[in-house]
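1. sequence plus the predicted model coming up.
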Amino acid sequence: MTDDKQQKFTSKVRRGLVWVHAQANGELTRLHDAASGSRIPGMSAGELADIEAALLWIEQNKEATPS
């Protein structure tokens with residue numbers, strides 16, 4: 001893959017991560033709210049930690065949205 005194609009691909013991935021982050025973060029917030037501060041049914045503490053770590057990685061690597 002040429003450098004130009006690699007940069008275009010990376011840019012597309014970063015733009016896609018913006019959408020993924022918004023969707024996943026919104027769903028996790030909804031689940032937290034529905035659980036009323038208690039454990040989320042069907043999800044272990046380890047799974048929740050993995051999801052939160054993934055969301056943090058996405059937040060750090062997604063394309064910045066214009067303010």
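-> Done, it's in. Residues are numbered from 1 along each chain as shown.
2. quick one, strands of the chain?
-> For the chain, strands defined by DSSP state E do not occur.
3. show me the shaky parts of it.
-> By pLDDT under 70, the low-scoring segments of the chain are 65-67.
4. how about the longest helix along it: buried residues?
-> Taking DSSP state H as the criterion, the chain has its longest helix at helix 3-35. Across helix 3-35, burial judged by 16 or more other Cβ atoms under 10 Å covers Leu17, His21, Leu28. C-beta: built from backbone N, CA, C; applies to glycine.
5. any figure for the gap between the nearest residue to the last one once chain neighbours are set aside and His32?
-> Read that as Leu28. Once flanking residues are discounted, Leu28 sits nearest to Ile51: 6.4 Å by Cβ to Cβ, 6 or more residues apart in numbering. Separation of Ile51 from His32 (Cβ to Cβ, to the nearest Å): 11 Å.
6. same check, this time on Glu52
-> On the measure of Cβ to Cβ, Glu52 and His32 end up 10 Å apart.
7. then Lys62?
-> Applying Cβ to Cβ to Lys62 and His32 gives a distance of 21 Å.
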